[in-house]
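In: 3D, please:
(chains A, B and C)
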Amino acid sequence: MNSTKMTWQGAAQIVDIKKAIFWGPWYVAEQRLRNMSKWLVSLISFGLGNPILFLFAIGLGVGSLVDANAGGKAIDGVGYLAFLAPALLAGAAIQAAMDETSFPTLQGFLWEKNFFAMNATHLTPNSIVIGVLIASLIRAALTTLLYEIVLILFSAITWASVLPLFVSAMLAAGAFGAAMLATASKVVDDDGFFAIVGRFVIAPMMLFSGTYFPIASLPIYLQPIGWISPVWHATNLGRVLSYGLPIEPWLFAIHIGYLLSMFVGGSLIAGRIFAKRLDS
Amino acid sequence: MSLIGATYDSAIAIAERRSGKLGSNLYVGRSSALLERNLLAVRSSTWLTVFSGFVEPVFYLLAFGLGLGNLIGGVTDGSGHPVSYAAFIAPALLATSAMNGAIYDSTWNVFFKMHFQKFYNTVLSTSMGPLDVALGEISWGLLRGLAYAIGFMAVITPMGLVPSWWGILAIPASLLVAFGFSSFGMAVTSYFKSFQQMNWLNIFMLPMFLFSGTFYPLSVYPEWLQSIIQAFPLWQAVEMIRALCLGQIGLGLLSHVIYFVVMISIGLVFTTRRLTALFMR
Amino acid sequence: MAEAMIKAVGLTKKFEEFVAVDGINFEVKKGEAFGLLGPNGAGKSTTMRMISATSQRTAGDLHILGKDPNQKGPEIRAHLGVVPQSDNLDRELKVWENLFIYGRYFGLSRAFLKKKVDELLAFAQLEEKRDAKTDSLSGGMKRRLTIARALVSEPEILLLDEPTTGLDPQARHVLWDRLFRLKEQGVTLVITTHYMDEAEQLCDRLIVMDKGRIMAEGSPAELIKQYSSKEVLEVRFGSTKNAEAAQNISGLGDRVEVLPDRILIYTEDGEKVLKQIVKLGFEPVTSLVRRSSLEDVFLRLTGRQLVD
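Out: Numbers count the residues shown, from 1 in each chain, chains lettered A, B, ... in the order given. The predicted structure follows:
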């Protein structure tokens, strides 16, 4: 045993409890972001690679069939690529937010149980929830910006629509991230969780939300999937904001209201489940 | 306690019957025991997970076939006949179903069995040989692929998306496709050591799904890109099954069959070699 | 009775440049319990894997029941029951299915296995856990199930790699009892362990391995007699005084070993030596007189402790 002497002033001296409580969520977010930074290279390459693939395959490939059949201004009076861009953007933002709310939550409760360790400090369940959400929104913002650069290069969007599309994508990310956080915090057995969420929630949400074609061209029995999907609300919002798709004011309000209430509702429910699980 | 064995063959008697046959160190003709094991194991797994793998291509069919079909109208097939967009993508998604089903078990599940459950250590400490294990696991993946394909066929046929009677042959063709992907998938997986490497599989699968002439004819691409895509197994599968479903029978089909036979053999050889190297070194 | 079940001559295993097993010779006779004792990395597990016909030797000769594992892998494995170091039960199967399917790997018939499984569940005291998932079993239960699984093919040789590592004392004794019963039935046991009490309890004969070589061979009693004294006196003087005390008492007993935290004195009469130490003016903080064990044999042979 080495007999080195530790400096020791005591927690009362070195911890400013008011400050620690106020900034608590940011410490949680910092932990998440440090974790993320280890994968920065793959995050960036996915963030760029995925949109490029979809733009080539669907935007240009399928787009060539659509535009050949119905002319270059077939949908909403714009080309297929311009129509597709807000949808792909919302989808990518949601995917990023989903990754940063689902994995960390299963990790925190099941795999490494680090949420319990956090809860043993001054951090409250709510500060953990907010912290995870902050980190997921930062990740979504990064992904969205990267995606927008690619879209600009493909001439799929204009410079003027960069900011409005960023906002609509982030609304989607927040709404879905919060809902995912609430769902994932309920999970006690992760067997098949990602397969089921991926194929029964994400896949239909991405496919039936007016992403690749207007929701109205689906049979009526498939349209409700779009109505409840944050992707549709964000995509339609994005189309209004980027190429001026005409819209009724009430629908515009519904889009924003739906996404915001999903965000707030999801966060509140997540907070409640976290508290129950951590403090029981 | 060994008395009750008297009327039954002992493990030794069974093993000695194989002795002396060619390759008896690698193969003892018992890959069915692994299928039996997997059948027991699957009973306890989440059926929803298994079902979810089948549903995904169906979603694509509904969304793209119904939704996009309205925008696109029709496409001209390989021999210049017009077909509806849904009938164009349905065989491609059938091929994808067979591929997905085969891949799920032969890649990620094999990876977990290999590195976390030490499953193959256990099996190979019995009188099974590495080729038994390779064949057993690959056949299991193949069966799931075949099940997905038959299920998908049962969805698209009533929808009128299989116009030709030759389409029946899409089922054995799916079997070939599933066998190929299962075999190759397990071989590749057996060389992977980390999750990061496994993620490369996903990175490879997505563009292959998107670009293999699944959603539109390959002719939209420049020729150099076309010939690259033609080298990939999903394109081979899509072409073969699409030709059968649309009733375009020709000698060209044979080249796809040969492609998959080669793919299966390569997969089997490398899986067996790798299992031997990993667990019998 | 003296038929050789396993015979190794100059058995060698290299991994690239690293020599894991360095030309060892040994023979295991029918019905005996044979132990491989040594610290981690001594080459015990590698030797075990070569015996279990899942690892090809680099050089030398190895015969199991007169057959060469490099030629007749599956055939030899049909004679063996393997209990690996870490339980690798099939987590996706129930307890009874683990036994059943393992038997199917040997090609045994379903009718035979139906009876066999019940018999083995009784042997492993796991009848009530028949339909449980393996995850719900305790460490001792898992081990017993792993052993039962290895018995499904009624093997002549049972290979056990560190059978009781990680088990609590009670579970170890239950397990030893089961192994004794097997031995009584004429099953040949080959056991690796780094616990000397286990080796003393279970093994008729053992080899002490270190760095891939055999350091000594014999029954536990023979080894202790040959390499150690009857008793051992262990004394502690506290971390600062050990070295000084050691210098002054080095002449006492047959032999003295100075360890970082204590001093061992090998002697025929421990109490007598303790009195002599006190007479010399050294008052140990703690003292203990005990019988010699294989631990002492190993210390003598290698100058190192078995468990560090």
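
In: Look at B:V162 and give its secondary structure.
Out: At B:V162, secondary structure determined by DSSP: H, G, I helix; E, B strand; the rest coil is coil.

In: contacting residues for it?
Out: B:87, B:90-91, B:153, B:156, B:170, B:245 (Cβ atoms under 8 Å, 6 or more residues apart in numbering or on different chains). No exception for glycine: its C-beta is placed from N, CA and C like everyone else's.

In: got it, and C:L62?
Out: C:L62 touches C:6-9, C:11, C:50-51, C:68-69, counting by Cβ under 8 Å, 6+ apart.

In: and it, backbone torsions?
Out: phi -140, psi 130 (degrees, to the nearest 10).

In: distance of it from C:T188?
Out: 16 Å (Cβ to Cβ, to the nearest Å).

In: What's the local residue count around the residue of the stretch 101-250 of chain C at minimum distance from chain A?
Out: As assessed by Cβ to the nearest Cβ, chain A sits closest to C:S239 within the stretch 101-250 of chain C, at 8.0 Å. The local packing of C:S239 (other Cβ atoms under 10 Å in any protein chain shown) involves 10 other residues.

In: does the nearest residue to it once chain neighbours are set aside sit in a helix, a strand or a coil?
Out: In space, and not counting its chain neighbours, C:S239 is closest to C:D261: 7.3 Å by Cβ to Cβ, 6 or more residues apart in numbering or on different chains. Of the three states, C:D261 takes coil under three-state DSSP.

In: Report the contact partners of C:D261.
Out: With Cβ under 8 Å, 6+ apart, C:D261 has these contacts: C:236, C:239, C:242.

In: Just the local confidence number for it, please.
Out: C:D261 is assigned 80 on the pLDDT scale.

In: how long is stretch A:117-135 end to end?
Out: End-to-end distance for stretch A:117-135: 19 Å, by Cα to Cα, to the nearest Å.

In: looking at it, C:L120 is touching C:V152, isn't it?
Out: Yes - using Cβ atoms under 8 Å, C:L120 is in contact with C:V152, at 6.4 Å.

In: circling back: kindly provide the distance from the residue nearest to C:S239 to C:A243.
Out: Counting by Cβ to Cβ, the gap from C:D261 to C:A243 is 12 Å.

In: In chain B, which residue is most central in space?
Out: By Cα atoms, centre = their mean, chain B has its centre lying nearest to B:A178, at 2.5 Å.

In: so what secondary structure elements neighbour the helix or strand hosting that residue?
Out: Element membership for B:A178, per DSSP states H and E: helix B:170-191. Applying 3 or more Cβ pairs under 8 Å, 6 or more residues apart in numbering or on different chains; DSSP states H and E, one finds that helix B:170-191 contacts helix B:85-104, helix B:110-115, helix B:130-156, helix B:195-211, helix B:233-245, helix B:252-279.

In: now those in TSV, with distance to chain C?
Out: Formatted as TSV, the helices and strands packed on helix B:170-191 follow (distance: least, Cβ to the nearest Cβ, whole Å):
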stretch	distance to chain C
helix B:85-104	15
helix B:110-115	9
helix B:130-156	9
helix B:195-211	19
helix B:233-245	29
helix B:252-279	6
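
In: Tell me which of the ones you listed lies nearest to chain A.
Out: Across those, closest to chain A is helix B:195-211 (Cβ to the nearest Cβ), at 3.6 Å.

In: Could I get the average pLDDT for the helix or strand that that closest one is followed by?
Out: Counting by DSSP H and E, the next helix or strand C-terminal to helix B:195-211 is helix B:223-230. In this model, helix B:223-230 has an average pLDDT of 93.

In: CA atoms only: put helix B:223-230 into CSV for me.
Out: Extracted as CSV, the C-alpha positions of helix B:223-230 are listed here (Å, rounded to 0.1, in the frame of the first residue of the first chain):
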residue,chain,number,x,y,z
GLU,B,223,-23.2,1.6,-67.6
TRP,B,224,-20.2,1.4,-65.3
LEU,B,225,-22.5,1.6,-62.3
GLN,B,226,-24.8,-1.0,-63.8
SER,B,227,-22.1,-3.6,-64.1
ILE,B,228,-21.0,-3.1,-60.5
ILE,B,229,-24.5,-3.6,-59.3
GLN,B,230,-24.9,-6.7,-61.4
